[in-house]
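[1] the sequence and its predicted three-dimensional model are supplied below.
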Amino acid sequence: MSESLGMVPQSALAIAVAAPVGGIYDYLAGPAVGAVRGSIVMVPFGGRHLPGIVMGAAIGDVSVAKLRAVESLVTLPPLSDALVQFIERVAAWTMAPLGAVVKMVLSQPAAFDRPPQQKRYSIGAPAGETRLTTARQHVLEYLAKTEASAAPNHQAATGGVTAAMITAACGASQAVINGMETAGLLQVKLVSADQPPPLPRPDLNHVTLTSDQQQAADHLRGAVGHGFQACLLDGVTGSGKTEVYFEAVEAAIAAGQQVLILLPEIALSAAWRARFTARFGVPPVEWHSDISAAQKRKSWRFVLQTRASVVVGARSALFLPFSRLGLIIVDEEHEHAFKQEDQVIYQARDMAVLRGRLDNVPVVLASATPSLESWVNAGKTGSSPRYDYLALPKRVHGAQLPDISAIDLRATPPERGRWLAPPLVEAIESRLKAGEQSLLFLNRRGYAPLTLCGACGTKVTCPNCDSWMVAHRLAGRLRCHHCGHESRPSKDCKSCGAKDQMQACGPGVERLAEEVLIRFPEARFSLLSSDTVGTPKAAEAFIQSVTDGEVDIIIGTQMAAKGHHFPHLTLVGVVDADLGLAGGDLRAAERTFQMLSQVAGRAGRESRPGTAMLQTLEPENPVLVSLIAGDRDAFLAQEAAARQAAKMPPFGQLAAIIIASPHEERLFEAIRQFAATRPHFDSVQIYGPAIAPIGFLKGKHRARLLIRADKSVNIQHILQGWLGTIKLPSSVRMQIDIDPYSFL
């Protein structure tokens with residue numbers, strides 16, 4: 001395949017089609033004669049009409065007589081060669097079909113069409129002998145005044161004003177406007193109804209930075225415009241990392257470049273968005289699942305045309321068609337939400353570094369609890385650093401880090417049927433008396449994780465998964481958190497027929513709220529979970545109510561740990577600090593340390609000191625010992641040593657193969673094939689195939705294989721050679737997960 005950026009042969013083109021298929025396909029150029037690498041085209045594919053990307057000259061492995069022709073060349077600028085290379089590299093690394101990655105980039109085919117048109121009016125021919133009514137006179141006076149005062153950003157500067165603007169300004173009806181148009185008094189111009197977002201102002205507002213912040217900001221500003229480099233911005237909670245990387249954003253905007261900022265929980269970005277707007281005068285362009293299709297269509301087009309300056313989004317924003325990218329920021333880079341777990345399986349943090357390298361722009365990874373991968377890449381374990389490292393060790397405004405302590409549930413357990421231990425109850429009571437806020441953290445949605453029969457012990461399970469149904473009493477439903485199946489709860493056992501014997505076991509945040517209501521009946525409390533706060537608008541309202549002091553006790557899941565700044569919050573109580581430490585998850589300890597550090601960091605972020613209390617049955621656990629001692633670096637060193645000894649990431653490589661089928665016998669047929677063809681290589685171990693920990697999920701039987709390899713091994717090459725020998729039975733599907741985060 002040609003890598004040339006120039007003209008490709010006119011007779012045929014190699015095109016990657018936006019469909020989950022591997023490889024590229026030759027097409028006759030047709031109307032795409034003169035297309036270059038990166039041009040977007042529409043092509044026939046099977047019985048469909050799909051977009052695709054010109055990758056270069058035709059491969060030539062199919063005779064020209066058999067080729068179909070390109071249907072149309074999209075009249076938009078070609079994708080940058082850096083983006084086309086990014087598509088190829090992501091597909092190669094993840095072993096996903098090339099077309100599946102292309103589909104992620106060309107996710108808005110509506111943006112390829114001409115945008116909706118809108119009439120714009122300006123003053124036409126002189127009235128002459130045409131009779132001017134009072135209404136017509138008012139319209140002409142308004143237009144004359146508007147055109148005389150039109151500023152560069154005023155709508156009149158784009159070629160006139162809309163009928164709605166005329167009506168609002170001088171009360172003229174559409175009939176009056178139409179009559180003036182017919183009489184030639186108004187000049188009409190058709191323009192795009194899609195108006196680009198206003199540009200941020202880099203010179204609008206500046207905050208006074210601390211010396212640590214200023215040093216880090218100067219480094220990041222200096223990196224903009226000087227090629228690729230990755231930088232780990234490591235700042236404790238409340239140290240002002242956002243204001244530091246805003247300095248780099250300002251530098252990129254001033255240089256006329258585009259900026260991409262990735263956030264792990266876009267639904268909870270209301271406070272961040274408000275800070276950006278205060279700093280730059282306008283909100284950023286947003287890209288996530290909650291924005292409308294029309295807004296996505298406009299934003300995608302404006303990004304390609306370089307008319308969108310700053311985009312903040314979820315991981316999928318990484319695949320937007322930036323043409324003048326100058327800076328990438330991954331905020332809360334440690335967050336596991338950056339791992340895409342279906343279709344194209346990728347780690348957005350790592351792919352952001354790849355995109356920065358290909359676009360030759362700096363990448364900033366910001367966190368208070370860096371991932372072990374970034375920590376190692378910054379050279380903090382003694383290896384040669386691949387990333388720059390910037391530290392913000394202190395909170396701003398003189399605030400102190402919270403005091404963290406453990407509540408040993410073996411010594412001071414809650415009363416029977418309760419979940420809050422006496423020391424935590426006393427701490428909440430003291431905060432209520434002082435007019436301060438408390439946060440109770442339990443990373444478990446719903447009312448109870450398990451419902452069982454008190455007579456026969458039967459557990460209520462999902463019919464589609466090997467998992468328990470979670471009770472959600474606020475919704476009056478039982479829900480499976482894996483597949484979303486719902487059912488109505490019953491007090492009677494369907495297995496043994498016993499009446500009124502179904503019992504809720506264990507606490508979720510709803511059950512915790514029930515206890516708070518009983519213990520503190522005068523307190524105002526609110527739930528923060530994806531069940532109650534699922535959209536940016538709901539999140540904004542929730543955060544505002546807490547900031548305004550309308551909530552005394554917040555009861556939250558992991559959503560409560562996501563970078564919120566609650567000025568009156570001085571106590572964090574973790575109800576089950578051991579949750580997440582058990583099991584065979586490679587990153588269980590790291591994930592638990594990060595989550596507990598982050599949620600503890602919500603306390604005492606302003607002048608009043610903060611306290612975090614961790615309820616645990618194992619206070620001697622190394623994770624909790626390091627957390628209580630405030631020695632994060634010791635924990636990371638210990639975790640790195642353990643991973644290095646086992647040759648696990650980031651010191652080795654892992655890949656998972658997941659096979660699934662609705663038919664159990666066909667799954668076992670595939671398992672036998674994998675077992676019989678398993679290759680043998682030095683420095684490579686293959687575990688499995690074996691039935692997955694969740695062997696039945698979303699109506700499919702599942703098995704897994706895990707491949708571990710040394711860093712020097714080309715694990716993709718090994719997998720390609722092996723999997724190419726396997727012919728899966730019909731209805732059996734396979735997924736490859738390079739560097740898996742889930743082991744279910």
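    Thanks, I have the structure now.
[2] identify the residue nearest the geometric centre of this protein.
    With distances taken as CA atoms, centre = their mean, the residue of the chain nearest its centroid is residue 314 (2.9 Å).
[3] strand partners (parallel or antiparallel) of the lengthiest strand in the chain?
    In the chain, taking DSSP state E as the definition, the longest strand is strand 684-697. Taking DSSP bridges as the criterion, strand 684-697 forms sheet pairs with strand 700-710 (antiparallel).
[4] okay, buried residues for the partner strand please.
    Within strand 700-710, the residues scored as buried using 16 or more other CB atoms under 10 Å are 700-709. No exception for glycine: its C-beta is placed from N, CA and C like everyone else's.
[5] what's the answer for stretch 280-299, then?
    Residues of stretch 280-299 classed as buried by neighbour count (16+ other CB under 10 Å): 280, 284-288, 291, 296-299.
[6] and what of stretch 41-52?
    41-43, 45, 50-52.
[7] let me have these in JSON lines, adding distance to residue 528, secondary structure and pLDDT as columns.
    Formatted as JSON lines, the buried residues of stretch 41-52 follow (distance: CB to CB, whole Å; DSSP: H, G, I helix; E, B strand; the rest coil; pLDDT from 0 to 100):
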{"residue": "41", "distance to residue 528": "47", "secondary structure": "strand", "pLDDT": "97"}
{"residue": "42", "distance to residue 528": "45", "secondary structure": "strand", "pLDDT": "97"}
{"residue": "43", "distance to residue 528": "47", "secondary structure": "strand", "pLDDT": "97"}
{"residue": "45", "distance to residue 528": "45", "secondary structure": "strand", "pLDDT": "95"}
{"residue": "50", "distance to residue 528": "42", "secondary structure": "strand", "pLDDT": "97"}
{"residue": "51", "distance to residue 528": "40", "secondary structure": "strand", "pLDDT": "98"}
{"residue": "52", "distance to residue 528": "44", "secondary structure": "strand", "pLDDT": "98"}
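[8] out of those, flag the one nearest to residue 560.
    residue 51 (40.9 Å; CB to CB).
[9] tell me the bridge partners for that closest one.
    Per DSSP bridges, the residues bridged to residue 51 are residue 42.
[10] now the end-to-end length of stretch 12-26.
    Start-to-end span of stretch 12-26 (CA to CA, to the nearest Å) is 6 Å.
[11] so how far is it off the chain centroid?
    Offset of stretch 12-26 from its chain centre (CA atoms, centre = their mean, to the nearest Å): 28 Å.
[12] related to what we said a few turns ago, what residues are up against the residue nearest to the centre of the chain?
    Residues counted as contacts of residue 314 (CB atoms under 8 Å, 6 or more residues apart in numbering) are 262-264, 266, 287-289.
[13] measure it to residue 530 for me?
    Going from residue 314 to residue 530 by CB to CB, to the nearest Å gives 14 Å.
[14] so residue 118, which state does it fall into?
    Secondary structure state of residue 118, per DSSP: H, G, I helix; E, B strand; the rest coil, is strand.
[15] can you tell me the closest non-neighbouring residue to it?
    Leaving aside its chain neighbours, residue 118 sits nearest to residue 193 (3.9 Å; criterion: CB to CB, 6 or more residues apart in numbering).
[16] list phi and psi for the one you found.
    phi -80, psi -10 (degrees, to the nearest 10).
[17] surely it is in contact with residue 117?
    Yes. Using CB atoms under 8 Å, residue 193 is in contact with residue 117, at 6.3 Å.
[18] so where do the strands sit in the stretch 351-500 of the chain?
    For the stretch 351-500 of the chain, applying DSSP state E, counting those that start in this stretch gives strands covering 363-367, 388-392, 403-408, 437-441, 450-453, 470-472, 477-479, 486-487.
[19] ok, back up a step: for the buried residues of strand 700-710, give me TSV that also has pLDDT and distance to residue 77.
    As requested, those are exported to TSV (pLDDT from 0 to 100; distance: CB to CB, whole Å):
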residue	pLDDT	distance to residue 77
700	96	42
701	97	47
702	97	44
703	97	46
704	97	43
705	97	43
706	97	43
707	97	41
708	97	44
709	97	41
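[20] so which of those residues comes closest to residue 591?
    Nearest to residue 591 among the buried residues of strand 700-710, with distances taken as CB to CB, is residue 706, at 18.4 Å.
[21] give the bridge partners for that closest one, please.
    Note on residue 706: beta-bridge partners by DSSP bridges are residue 656, residue 687.
[22] report the contact partners of residue 306.
    258, 323-324.
[23] of all these, the one with the weakest confidence?
    The pLDDT minimum for the contacts of residue 306 sits at residue 323, where the score is 94.
[24] show me what contacts it?
    Residues near residue 323 by CB under 8 Å, 6+ apart: 77, 80, 258, 303-306.
[25] mind doing that once more with 10 Å?
    Contact analysis of residue 323 by CB atoms under 10 Å, 6 or more residues apart in numbering lists 77-80, 82-83, 258, 303-307.
[26] pretty sure residue 515 is in a strand, no?
    No. Going by three-state DSSP, the assignment for residue 515 is helix, not a strand.
[27] that one touches residue 418, doesn't it?
    Yes. Using CB atoms under 10 Å, residue 515 is in contact with residue 418, at 5.9 Å.
[28] higher neighbour count, the two?
    Taking neighbours as other CB atoms under 10 Å, residue 515 and residue 418 compare with residue 515 leading, 19 against 15.
[29] got a list of what the more buried one touches?
    Listed by CB under 10 Å, 6+ apart, the contact partners of residue 515 are 414, 417-420, 425, 440, 507, 555, 575.
[30] can you tell me which of these has the most neighbours?
    residue 555 (28 neighbours).
[31] quick one: what helix or strand has that residue in it?
    Assigned by DSSP states H and E, residue 555 falls within strand 553-556.
[32] what is the helix or strand just after that strand packed up against?
    For strand 553-556, the following helix or strand on the C-terminal side (DSSP H and E) is strand 569-574. For strand 569-574, the elements it packs on are strand 403-408, helix 422-434, strand 437-441, strand 553-556, helix 588-600, strand 611-616, judged by 3 or more CB pairs under 10 Å, 6 or more residues apart in numbering; DSSP states H and E.
[33] what lines up beside the last one in the sheet?
    Listed by DSSP bridges, the sheet partners of strand 611-616 and their directions read strand 403-408 (parallel), strand 569-574 (parallel).
[34] which SSE is immediately downstream of it?
    Helices and strands here follow DSSP H and E; after strand 611-616, the next one along the chain is helix 622-629.
[35] what's the neighbour count on residue 365?
    For residue 365, the neighbour count with other CB under 10 Å is 28.
[36] make sure it is actually in contact with residue 348.
    No. Using CB under 10 Å as the test, residue 365 is too far from residue 348 to be in contact (11.2 Å).
[37] could you break the protein into its assigned domains?
    What automatic domain parsing lists as the domains of the chain is 12-106, 117-192, 211-395, 399-444+507-641, 447-506, 652-738.
[38] so which of the ones you listed gets nearest residue 199?
    Closest to residue 199 of these is domain 211-395 (CB to CB; 5.4 Å).
[39] surely residue 710 and residue 654 touch.
    No. Judged on CB under 10 Å, residue 710 makes no contact with residue 654 at a distance of 11.4 Å.
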